[in-house]
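1. task: produce atomic coordinates for the following.
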Amino acid sequence: MQLIRKHDYIYLKSNKYNKPKQVHLELSEIINKKLKNTKSKFKHVIDIGCANGELIYLLNKIHNTCNYTGYDVLKPLIKKAKKKLKNIENIKFKHGSVLKKNLIKKSSGTVVVMCGVLSIFDNFEKVINNLIYWTKNKGEVVIFGIFNDNLLDVFIKYRKTSDYNKNFLEQGWNTFSKQSISNYLNKKKEVEKFKFKKFNIKFNLKKNKNDILRTWTFKNQKGNRLTTNGLNVIFQPYFLTIKVKR
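-> Numbering: from 1, shown residues only. Here you go, the predicted structure:
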C-alpha cells in the first residue's frame, strides 16, 4: 500500500501566532538559552517542518536580531507562513524535505529545530544525520517528538474507517525507543553530548470529536496526566537536545 501523510494540512487552519502552544513556549526557552550563550554575532535558527511558521513567529518576537529559515515539504503551509510573516527581513521560508541532505549547506544553523516530524519516518538515522550535518560546531539540534521509555521501536500505520477500501495508509506516529536513539548518537563522532527531557502537558486537553488524531489527556489512578489520541496509544513526548562538535 502507498504510505501518505495528510494530517499536517490542519495547520492551514491553525492560528496560534499570538497564543502559542505550550510546546512552542518551552522550545523557545531551550532555543533562546542557546542563542544567549552563543558568542557569534551571526545566529541562525533553522526550523525543519516549520508548518505555518508559528514557532518562528514566536522566536522572532524574543530574538529579532537572529536569522530564521523555515522549511516544510508542504507548499501550501510555506505559502501561509510567507503571507503571515511577510516583509520581515530576517525570516525566510523555503520548500524542501529533511531527507534531502543538500537542502541546506553544512554547518549552517546555530540551532536546528524539528518539532513533531521524526515520527513520520520509519528510519530515524538519515533524518538525525542531516540535522547534525546542517548544525554548526558547538551548535545544537533540538528535536521534539514522542519516544519510548521501553526497549521497543513502534511503527504505526493507520487509516480512517471511511477509507478502508482505499489503497493507502497514513503515517506519522512512529515511536522510537530512547535506547535506539542513544545507541545511534553514542556512535556519532559529531555528537558531543545529548539529553532527553520529558514534556508534560500542564493542563487538560479535551477530545476533539472532529479530529480524533489530535491529542487529548486523561488521568490515571495516581492522578498523572497522560496523552493519547484516536489511535488508542499512550504517548510520552520528549525534547531531545544534541550538541554538535566538529
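2. now do the phi/psi pair for the residue nearest to Ile91 when sequence neighbours are not counted.
-> With CB to CB, 6 or more residues apart in numbering as the criterion, Ile91 has its nearest non-adjacent residue at 4.7 Å, and that residue is Tyr68. For every residue, glycine as well, the C-beta is placed using N, CA and C. Reported as degrees, to the nearest 10, the phi and psi values for Tyr68 are phi -130, psi 140.
3. ok, Tyr68 - contacts?
-> 44-47, 56, 59-60, 90-92 (CB atoms under 8 Å, 6 or more residues apart in numbering).
4. I'd like to know how far Ile120 sits from Phe93.
-> Look at Ile120 and Phe93: by CB to CB, to the nearest Å, they are 19 Å apart.
5. the two: which has the busier surroundings?
-> Phe93 (24 against 20; other CB atoms under 10 Å).
6. pretty sure the more buried one is touching Gly53, no?
-> Yes - between Phe93 and Gly53 there is a contact under CB atoms under 8 Å: 6.4 Å.
7. tell me, what's touching these two both at once?
-> 70, 81-82, 85.
8. which one of those residues is nearest to Lys13?
-> Ala81 (13.8 Å; CB to CB).
9. apart from its neighbours in sequence, what residue is nearest the closest one?
-> Using CB to CB, 6+ apart, the closest residue to Ala81 is Gly53 (3.2 Å).
10. number of residues surrounding Met114?
-> 23.
11. CA-only coordinates of the helix or strand containing it, as PDB, when you get a sec.
-> Per DSSP states H and E: Met114 is located in strand 109-115. What follows is strand 109-115, C-alpha atoms only, in PDB (Å, rounded to 0.1, in the frame of the first residue of the first chain):
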ATOM      1  CA  GLY A 109      22.500  26.600  11.800                       C
ATOM      2  CA  THR A 110      23.300  27.800  15.300                       C
ATOM      3  CA  VAL A 111      20.200  25.800  16.300                       C
ATOM      4  CA  VAL A 112      18.400  23.300  14.100                       C
ATOM      5  CA  VAL A 113      15.000  22.500  15.500                       C
ATOM      6  CA  MET A 114      12.500  19.900  14.300                       C
ATOM      7  CA  CYS A 115       9.100  19.600  16.100                       C
END
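12. give me the sheet partners of that strand and which way each runs.
-> Next to strand 109-115 in the sheet, as set by DSSP bridges, lie strand 44-48 (parallel), strand 135-148 (parallel).
13. after that strand, which helix or strand is next?
-> In N-to-C order, the element after strand 109-115 by DSSP H and E is helix 124-133.
14. list the ones among the shared contacts of Phe93 and Gly53 that fall in strands.
-> Gly70 (DSSP state E).
15. related to what we said a few turns ago, out of the contacts of Tyr68, which end up buried?
-> 44-47, 56, 59-60, 90-91 (16 or more other CB atoms under 10 Å).
16. what about the longest helix in the protein?
-> The residue-count maximum for a helix in the chain (DSSP state H) belongs to helix 22-36.
17. quick check, central residue of this structure?
-> Cys115 (1.1 Å; CA atoms, centre = their mean).
18. OK, contacts around it?
-> Cys115 sits next to 23-24, 27, 47, 49, 55, 143-145 when contact means CB under 8 Å, 6+ apart.
19. cool, and Gly53?
-> 70, 80-82, 84-85, 91, 93.
20. what's the answer for Glu89, then?
-> If a contact means CB under 8 Å, 6+ apart, then Glu89 has no contacts.
21. so it, which state does it fall into?
-> coil (DSSP: H, G, I helix; E, B strand; the rest coil).
22. give the helix, strand or coil label for Ser182.
-> Assigned by three-state DSSP, the conformation of Ser182 is helix.
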